[in-house]
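1. sequence-free structure coming up:
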DNA sequence: CGGACAACCTGGCGGC
DNA sequence: TGCCGCCAGGTTGTCC
């Protein structure tokens, strides 16, 4: 599903067609997709504002307008793309919100599952204030990660999925990072040695960077803004590979449920120490 | 604090 | 072939 690498790929793909465009209008096909403010105010406020930049915070796409930030969260099945005037696209069947751009072009937000939301705010922190640090930022150092993990006793899998602990990691990259770091998803955070903390830090970043370099994992719904698939799914070592051999040791990959999430791991490479 | 679980949603797919 | 029912999971909110 869209996690940090997928959202980053969407942001990169939308910069060229979107920056410099002016938002002229907004069509709300599905009111519940508009988080805040209410659709009428939302449409009135964006009208005439030029897109100045695009960035990403956790799994949010952040569109910088002249006086506001327009945020989009893709959740499970959201897709965001710029459509040429009058052109039809495969994801159009699930369009929830459209924004009119220059020369008849449109920014379309499609979302089959209807979990995704759009937000408009003058103060970014109103939406993203509770999020933890960006794992790929330069100031996210090993020391900082070690300091944050020190206070936690929770199992690693739910900790990595907690957006207040670390921003942008979802189910796929959590499983991949834990496998690369050779850590069982149920290991209590407080049980890690300094070397294991360092391995986890390194492998979270490596898994995310690999995902970005392969333009995201198109496990099912995710597509780049141009409609094509990423290739990161071909490099996954555990996610979705339950019942198949571990690429490191050959043992069968297992799948369990942890905090209601499908969790994939190799019981040999990622042992759970008895205690 | 944290874990369990429901809710939000619907396309896709396994099973029969 | 067709239908049923479950599964997928990011996030919020509720309850214990």
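-> Yes, it's here. Everything numeric here is computed off the predicted structure, so don't read it as measured data. Numbering: from 1, shown residues only, chains lettered A, B, ... in the order given.
2. rest of the way, CA atoms for contacts and neighbours
-> OK.
3. Next to DNA strand B, which bits of the stretch 51-200 of chain A? Give me the list.
-> Counting by CA under 7 Å from any atom of the strand, the residues of the stretch 51-200 of chain A close to DNA strand B are A:112-115, A:152-155, A:158.
4. Can I have the buried ones of these as a PyMOL selection?
-> Per 16 or more other CA atoms under 10 Å, the buried members of these correspond to this PyMOL selection:
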select buried, chain A and resi 112+114+154+155+158
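5. Can I get the residues of the stretch 51-200 of chain A next to DNA strand B in a markdown table including distance to residue A:46 and secondary structure?
-> Below are these laid out as a markdown table (distance: CA to CA, whole Å; DSSP: H, G, I helix; E, B strand; the rest coil):
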| residue | distance to residue A:46 | secondary structure |
| --- | --- | --- |
| A:112 | 25 | coil |
| A:113 | 25 | coil |
| A:114 | 22 | coil |
| A:115 | 22 | coil |
| A:152 | 42 | coil |
| A:153 | 44 | coil |
| A:154 | 42 | coil |
| A:155 | 43 | strand |
| A:158 | 37 | helix |
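6. so which of the residues of the stretch 51-200 of chain A next to DNA strand B are also by DNA strand C?
-> Near DNA strand C, judged by CA under 7 Å from any atom of the strand, the entries from those are A:113, A:115.
7. What segments of the stretch 51-200 of chain A are strands?
-> With strands called from DSSP state E, counting those that start in this stretch, the stretch 51-200 of chain A shows them at A:53-57, A:60-64, A:69-73, A:78-83, A:95-100, A:106-111, A:117-121.
8. can the first one be found next to DNA strand C?
-> No: on the criterion CA under 7 Å from any atom of the strand, strand A:53-57 is out of touch with DNA strand C, staying 9.4 Å away.
9. how about the residues of the stretch 151-275 of chain A near DNA strand C?
-> Within the stretch 151-275 of chain A, the positions near DNA strand C by CA under 7 Å from any atom of the strand are A:161, A:163, A:168, A:170-172, A:261-262.
10. Just among those, which is most surrounded?
-> Ranked by neighbour count (other CA atoms under 10 Å), these have residue A:168 at the top, with 31 neighbours.
11. Excluding chain neighbours, what is closest to that one?
-> Counting by CA to CA, 6 or more residues apart in numbering, residue A:168 lies nearest to residue A:58, which is 4.1 Å off, once chain neighbours are set aside.
12. Mind jotting down where the helices sit in the stretch 151-275 of chain A?
-> Under the criterion DSSP state H, counting those that start in this stretch, helices of the stretch 151-275 of chain A are mapped to A:156-161, A:171-180, A:194-213.
13. As JSON lines, the ones you listed with mean pLDDT would be great.
-> Below are the helices of the stretch 151-275 of chain A laid out as JSON lines (pLDDT from 0 to 100):
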{"stretch": "helix A:156-161", "mean pLDDT": "93"}
{"stretch": "helix A:171-180", "mean pLDDT": "93"}
{"stretch": "helix A:194-213", "mean pLDDT": "95"}
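14. Could you identify which of these is most buried?
-> helix A:171-180 (a mean of 25; mean count of other CA atoms under 10 Å).
15. Please work out the average pLDDT along stretch A:139-150.
-> Stretch A:139-150 shows a mean pLDDT of 93 in the predicted model.
16. Which positions within it qualify as buried?
-> Of the residues in stretch A:139-150, A:145, A:149 count as buried by neighbour count, 16+ other CA under 10 Å.
17. Of the residues of the stretch 151-275 of chain A next to DNA strand C, which is the nearest to residue A:5?
-> Of all those, residue A:168 has the smallest distance to residue A:5: 8.3 Å, by CA to CA.
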